[in-house]
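# Here's my sequence, what's the structure:
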Amino acid sequence: MTHADEPETHPFRAAVEAGDIDAAVGLLADDVVFHSPVAFKPYRGREMVSTILRTVITVFEDFRYVREIGAADDHALVFEARIGDRELTGCDFIHLNAAGKIDDFMVMIRPLRGVQALAEAMASRLPGA
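As a prediction, this is how the structure comes out:
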C-alpha cells in the first residue's frame, strides 16, 4: 500500500528492482565517482562504475531495497542482501547533478562480516578491487 503523499521511487531503484542493469547504468553521469565500502580510493567514470555494478549483482543474493529516503538531489536507498551465509544491510547514497544524472555514488554496509564477505567476493571477480 502506498500513500498519496509518498515520493515516487527513484529511477535507479526502479531499474535495479526490475533487473535492468543497463537502465541503471544509463542513469550514471560520465564523470560519476563511486565510493566503495571496501576500497579506500574512489572509482571514477561511468565505465568503471558500470563494471562494479554489473559485478556486484552477481555477488549479492536476495538483494532488496527496504527503504528510500530522498530529497531533490540526494537519495539514500537502504537495502538488505546476503553473500553466502552472511546477511548484510547497506545503503546506496546517490547525488544527482544538474542534468539529473548520478554523479556521486557511495555505498555503506554493515556488519563488518558482511563487508568482509563482499570484499572477498568482489576481489575474486574484479582484479584490483
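
# contacts and neighbour counts: CA atoms only from here.
OK.

# how close does residue 58 get to residue 121?
9 Å (C-alpha to C-alpha, to the nearest Å).

# Got phi/psi on the residue nearest to residue 69 when sequence neighbours are not counted?
In space, and not counting its chain neighbours, residue 69 is closest to residue 76: 5.0 Å by C-alpha to C-alpha, 6 or more residues apart in numbering. Per-residue torsions, residue 76: phi -120, psi 120 (degrees, to the nearest 10).

# re earlier: what about residue 58 and residue 121, which has more around it?
Taking other C-alpha atoms under 10 Å, residue 58 and residue 121 do not tie; residue 121 has more neighbours (19 against 12).

# Just give me the residue right at the centre of the chain.
Geometric centre of the chain, nearest residue: residue 92, 4.7 Å, by C-alpha atoms, centre = their mean.

# ok, what's across the strand from that one?
Beta bridges link residue 92 to residue 77, residue 107 when assigned by DSSP bridges.

# In contact with it, which residues?
Residues near residue 92 by C-alpha atoms under 8 Å, 6 or more residues apart in numbering: 75, 76, 77, 78, 79, 105, 106, 107, 108.

# Max pairwise distance over those: which two?
Spanning the widest gap among these are 79 and 105, at 14.5 Å by C-alpha to C-alpha.

# List the beta-bridge partners for residue 33.
Assigned bridge partners for residue 33, using DSSP bridges, are residue 44, residue 104.

# Pull up the gap between it and residue 78, please.
19 Å.

# Can you tell me which helix or strand of the chain has the lowest average pLDDT?
helix 112-125 (a mean of 90; mean pLDDT, DSSP states H and E).

# Any chance you could list what contacts it?
For helix 112-125, contacts defined as C-alpha under 8 Å, 6+ apart pick out 37, 38, 55, 56, 59, 82, 83, 86, 87, 88, 109, 129.

# next one: stretch 65-82
Everything outside stretch 65-82 that qualifies as a contact, by C-alpha under 8 Å, 6+ apart, is 7, 9, 13, 17, 60-64, 87-97, 100, 114.

# Residue ranges in this structure under the pLDDT threshold?
1-7, 127-129 (pLDDT under 70).
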